[in-house]
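Participant: generate coordinates for the sequence data below:
(4 chains)
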There are 2 protein chains.
Amino acid sequence: MANKEGGKSGGMAHPGGSRRNLRQPSIKDIARLARVSHPTVSRALQNSPLVNAKTAAKIRKIADEAGYRASAVARGLVTRRTRTIGLVVTTVADPFASEVVCGVEQTANDHGYSVFLADSNADPERERKVVQAFAERRVDGIIVTSSRVGALYLPRLTEMMVPIVLVNDQYPGAFVHSVMIRNLEGIRAAVRHLIGLGHRRIAYLGDQFGYQSDAERFAGYREALDATGIPFHPELVVHGDGKPEAAVRAMETLLSLAIPPTAVCCYNDMSALGAMQSIRARGKRVPEDISVTGFDDLFFASYTDPPLTTVRQPMRRMGQLAMEGLLKLMAGEESVVKIEVEAELIVRGSTAKVSRNANGNRRS
Amino acid sequence: MANKEGGKSGGMAHPGGSRRNLRQPSIKDIARLARVSHPTVSRALQNSPLVNAKTAAKIRKIADEAGYRASAVARGLVTRRTRTIGLVVTTVADPFASEVVCGVEQTANDHGYSVFLADSNADPERERKVVQAFAERRVDGIIVTSSRVGALYLPRLTEMMVPIVLVNDQYPGAFVHSVMIRNLEGIRAAVRHLIGLGHRRIAYLGDQFGYQSDAERFAGYREALDATGIPFHPELVVHGDGKPEAAVRAMETLLSLAIPPTAVCCYNDMSALGAMQSIRARGKRVPEDISVTGFDDLFFASYTDPPLTTVRQPMRRMGQLAMEGLLKLMAGEESVVKIEVEAELIVRGSTAKVSRNANGNRRS
DNA sequence: TTGTAGGCGTTATCAT
DNA sequence: ATGATAACGCCTACAA
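Facilitator: Purely as a prediction, here's the structure:
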């Protein structure tokens, strides 16, 4: 890794730290230049009708030429609203979170809000710090995505006096405001689809035990099985951690079974990625030997080989909904934000009719 | 999409907007409780040695019990430093950007900085707004990742009096501070690898024409070809837009050639994803019929079928380096941050020896 | 329509 | 070691 640190910088406008001496123009500077009082400048810049149109125009022109930018920090101090929100994710380097962040950010920006992003890495200590930072920043609201150590710090959040909206939280009940996907219905649709293709020996490759979304998806799996009278085999349930690598190992367990499954219903697309690789490594084919389904419909789902049948989660839209809900709450609305979005099954090539010689339903 | 808006919330601590009437405790409140002056509280909380150990302890205890959190906005107003940075990306919903964001965010947090995230969607108007917002927020510094409309708004940034660090900027020269990947060397390594496997008819599937990183990668492609005396065929160069879909179409063009390439060197992993699908759709196999290389080494690169040979870019590290450079600049250091990181070829299964009956080198 | 005065919650500069 | 006082840059009365 080459690190070429050059010498003094040349003709830059702000060579490093010299800027510290300079000062951005304040409202008083503009007032002086325009030969009016500070409040008049303030009014003019806010397009207040209380100011003469001509003077307002003149003031705006002068302010513009001076490169004046009203300080949001000073404004925040007096108005007690920063027009700022805090967004917590376990990690941005996860396609699901990225999409949610994107939805939140765009909606926030459209409404004049800036967003502080913080990822916790699912580290409780870090999350604690993050939340404390948000509190000190005086954010007007907070959105937390798929909190996994939620139980540890969410109680603290209630101490802060800002509304909080959770997206796919893993510890339901503790909070009122949330945006969630219909996990149960989503997976149920996927399993029904598999059953419709003739599969009887269907495995569930889940997330870590104890998470709400995993529990709900598992429940959907069970429900679809039960509704069709297919017996539940505990050995067909394995757990990963929502990422490909752990799914590879979990899938190996399934493949090592005396009677392997003919289909695997994965907790999410990342797990499906690992499952498919594991299947290939075993010399088996998707979907000829084993069908695979995912959850989320991340961008790569249509580019796997074969393309992944999955349950679409409108991630960006969920971020948008969370932000819209938060906006209402910040505006003082007394309602409770409780949104559930539908999951949609997207059938692609990773699922197919169970093969004739598959002995998957031998025991059912 | 079900939206169940409930009624009034129940026993919540902060049912919606009632919080607006409440106020977080201020330093004066703590001072009153502790029977000292405000400045003393301030000193105690900053662990100043100028305050009696016992009184300091008492004050901290009281502040803690009262749930006191010093207002960063008030502090920012007086200190003229917000300990805040602005991070601009074209879109977070892109694995490359996500990783960079992750690196920046973690490093920033470790140093007590909070980060404002804004994605521009490569929309000039939006970018303009974003930058204006950062200026008003009085961020201490800015990091811009792979700016694509940089030329449009970067000049404005110089008006603000904060240091700016660019990561893989597409318009070099305009700014001093930057963190970049060695594009040329990276692609050159990939092409040499292909040449070493016997390939002679190697295509380049690039990004949009005119971008710096694409130009550099293309230059690496040319250089590797020239060094080996392999003639350059313009028809083997096609352009996508850095995303899978456009790469599918670009690859189709290559496959329709009278003499298709035996290997394709893609601008990035996202493009490689599209290219591989396109090849499969044509009934050809990777790497038996056509070898494929990517760039970035995104998380999915090791999970494609076959696993993708690619040029690793230490994205998270680059975000970290950008932030560390910015920290120096914000501390007033006069040096110029000019960092180039090495690209590393990761050989996986998507590249193989050119097949005997491939007529790729017929014309060379 | 405009100007004056006060305060938002801190830190900094003086005193004491 | 602590307290009074003055900023920081803005907005919101209220007065003119």
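
Participant: could you use CA atoms for every contact and neighbour count after this?
Facilitator: OK.

Participant: all helices of chain A, in order?
Facilitator: A:27-34, A:38-45, A:53-65, A:72-79, A:95-110, A:124-137, A:150-159, A:183-196, A:212-228, A:244-255, A:269-281, A:315-330 (DSSP state H).

Participant: check which helices and strands the second one sits against.
Facilitator: When you say that, I think you mean helix A:38-45. helix A:27-34, helix A:53-65 (3 or more Cα pairs under 8 Å, 6 or more residues apart in numbering or on different chains; DSSP states H and E).

Participant: which residues sit in contact with A:Gln313?
Facilitator: Residues near A:Gln313 by Cα atoms under 8 Å, 6 or more residues apart in numbering or on different chains: A:Ile181, A:Phe295, A:Asp296, A:Asp297, A:Glu342, A:Ala343, A:Glu344.

Participant: if we use 7 Å, what do you get?
Facilitator: A:Ile181, A:Asp296, A:Asp297, A:Ala343, A:Glu344 (Cα atoms under 7 Å, 6 or more residues apart in numbering or on different chains).

Participant: for A:Thr309, same thing?
Facilitator: A:Thr293, A:Gly294, A:Ile346, A:Val347, A:Arg348, A:Gly349, A:Ser350, A:Thr351.

Participant: domains in chain A, by residue range?
Facilitator: Annotated domains of chain A cover A:27-70, A:82-182+A:315-340, A:183-313+A:346-361 [automatic domain parsing].

Participant: got the ones you listed as a markdown table, with distance to B:Asn121 and mean pLDDT columns?
Facilitator: Output for the domains of chain A, formatted as a markdown table (distance: least, Cα to Cα, whole Å; pLDDT from 0 to 100):
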| stretch | distance to B:Asn121 | mean pLDDT |
| --- | --- | --- |
| domain A:27-70 | 24 | 92 |
| domain A:82-182+A:315-340 | 9 | 87 |
| domain A:183-313+A:346-361 | 17 | 95 |
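
Participant: so which of those comes closest to B:Glu223?
Facilitator: Closest approach to B:Glu223 among the domains of chain A is made by domain A:183-313+A:346-361 (31.1 Å; Cα to Cα).

Participant: now that closest one, how far from the centre of its chain.
Facilitator: Mean C-alpha position of domain A:183-313+A:346-361 versus that of the full chain (Cα atoms, centre = their mean, to the nearest Å) differs by 23 Å.

Participant: spatially, which two of the contacts of A:Gln313 are the most separated?
Facilitator: A:Ile181 and A:Asp297, at 13.0 Å, using Cα to Cα across the contacts of A:Gln313.

Participant: for the nearest residue to A:Tyr68 once chain neighbours are set aside, give me phi and psi.
Facilitator: The shortest distance from A:Tyr68 to any non-neighbouring residue, by Cα to Cα, 6 or more residues apart in numbering or on different chains, is to A:Pro25 (5.8 Å). Note on A:Pro25: backbone dihedrals following degrees, to the nearest 10 are phi -60, psi 140.

Participant: thought A:Pro25 was touching A:Glu65?
Facilitator: No - with contact defined as Cα atoms under 7 Å, A:Pro25 does not reach A:Glu65; the gap is 10.9 Å.

Participant: neighbour count for the two, which is higher?
Facilitator: Of the pair A:Pro25 and A:Glu65, A:Pro25 is the one with more neighbours under other Cα atoms under 10 Å in any protein chain shown, namely 15 against 10.

Participant: would a markdown table of the contacts of A:Gln313 with neighbour count and distance to DNA strand D be doable?
Facilitator: Output for these, formatted as a markdown table (neighbours: other Cα atoms under 10 Å in any protein chain shown; distance: Cα to the nearest atom of the strand, whole Å):
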| residue | neighbour count | distance to DNA strand D |
| --- | --- | --- |
| A:Ile181 | 23 | 39 |
| A:Asp296 | 24 | 43 |
| A:Asp297 | 23 | 44 |
| A:Ala343 | 22 | 43 |
| A:Glu344 | 20 | 45 |
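
Participant: burial measure for A:Ala227, as a count.
Facilitator: Residues near A:Ala227, counting by other Cα under 10 Å: 9.

Participant: against DNA strand D, how distant is it?
Facilitator: Distance of A:Ala227 to DNA strand D, given as Cα to the nearest atom of the strand, to the nearest Å: 59 Å.

Participant: roughly how far does that residue sit from A:Thr107?
Facilitator: The spacing between A:Ala227 and A:Thr107, counted by Cα to Cα, to the nearest Å, is 41 Å.

Participant: so for B:Leu166, which of the domains of chain A sits nearest?
Facilitator: B:Leu166 lies closest to domain A:82-182+A:315-340 among the domains of chain A, at 19.1 Å (Cα to Cα).

Participant: distance between the ends of that closest one?
Facilitator: Domain A:82-182+A:315-340 has an end-to-end distance of 29 Å (Cα to Cα).

Participant: and it, anywhere near DNA strand C?
Facilitator: No - Domain A:82-182+A:315-340 does not reach DNA strand C (Cα under 7 Å from any atom of the strand); its nearest approach is 8.0 Å.

Participant: single out the most deeply packed of the helices of chain A.
Facilitator: helix A:269-281 (a mean of 26; mean count of other Cα atoms under 10 Å in any protein chain shown).

Participant: send the alpha carbons of that helix over as CSV?
Facilitator: What follows is helix A:269-281, C-alpha atoms only, in CSV (Å, rounded to 0.1, in the frame of the first residue of the first chain):
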residue,chain,number,x,y,z
ASP,A,269,-30.8,-14.5,0.0
MET,A,270,-27.4,-14.3,1.6
SER,A,271,-28.0,-17.7,3.1
ALA,A,272,-29.3,-19.0,-0.2
LEU,A,273,-26.0,-17.9,-1.8
GLY,A,274,-24.1,-20.1,0.6
ALA,A,275,-26.6,-23.0,0.3
MET,A,276,-26.3,-23.1,-3.4
GLN,A,277,-22.6,-23.1,-3.3
SER,A,278,-22.7,-25.9,-0.8
ILE,A,279,-25.0,-27.9,-3.0
ARG,A,280,-22.7,-27.4,-6.0
ALA,A,281,-19.7,-28.4,-4.0
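
Participant: which residues sit against it?
Facilitator: A:242-245, A:247-248, A:251-252, A:266, A:285, A:292-298, B:303.

Participant: now do the contacts for the nearest residue to A:Asp169 once chain neighbours are set aside.
Facilitator: In space, A:Asp169 comes closest to A:Ser146 once its chain neighbours are excluded; the distance is 4.6 Å by Cα to Cα, 6+ apart. Shown in contact with A:Ser146 (Cα under 7 Å, 6+ apart): A:Val167, A:Asn168, A:Asp169, A:Gln170.
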